[in-house]
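Peer 1: Got a predicted model here, sequence first, then my questions.
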Amino acid sequence: MPPFKQFATAASSLRARRSPSLRTRGGGHGPSRWTSPGHEDRPKGFAFSRTPPPQGVSRKWEDWELPCYITSFLTIVILGVGLSAKPDLTIETWAHQKALERLEAESAGAADSD
């Protein structure tokens, strides 16, 4: 088995090779991998780089928005109703019901023997 010092030396040399690329975003050398020529280097400050519509003009909905909103609303309603109406099938509830049945049976047996 090689000594521990060889592993430590190899690990430190690998760390030294890797660390310069981690210090700067995008690797530090050459153009960024997230942008290509013709793209903006800095965002304008608007969401998705879309300028807001003029004052008094509402934004036009995209084709996917209405089905997405309807589906999301219906999913929440169906889950809310379905999960609130599900039966209680926990082991504690079952054991509680069985214990009540045994107590009733014992009390009925004790009343019959009197």
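Peer 2: Now that the structure is in, tell me what you want to look at. Residues are numbered from 1 along each chain as shown.
Peer 1: can you pull out the helices in this structure?
Peer 2: 4-23, 65-84, 91-113 (DSSP state H).
Peer 1: can these go into CSV with extra columns for mean pLDDT and distance to Pro52?
Peer 2: From N, CA and C alone the C-beta is placed, and that goes for glycine too. Formatted as CSV, the entries for the helices of the chain read as follows, by pLDDT from 0 to 100; distance: least, Cβ to Cβ, whole Å:
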stretch, mean pLDDT, distance to Pro52
helix 4-23, 69, 37
helix 65-84, 96, 17
helix 91-113, 91, 55
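Peer 1: among those helices, which is nearest Arg50?
Peer 2: Distance to Arg50, taken as Cβ to Cβ, is lowest for helix 65-84 among the helices of the chain, at 14.2 Å.
Peer 1: quick revisit: a markdown table for the helices of the chain, including distance to Thr51 and mean neighbour count?
Peer 2: Conversion of those to a markdown table gives the following (distance: least, Cβ to Cβ, whole Å; neighbours: other Cβ atoms under 10 Å):
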| stretch | distance to Thr51 | mean neighbour count |
| --- | --- | --- |
| helix 4-23 | 35 | 10 |
| helix 65-84 | 19 | 10 |
| helix 91-113 | 58 | 9 |
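Peer 1: Noted, bye for now.
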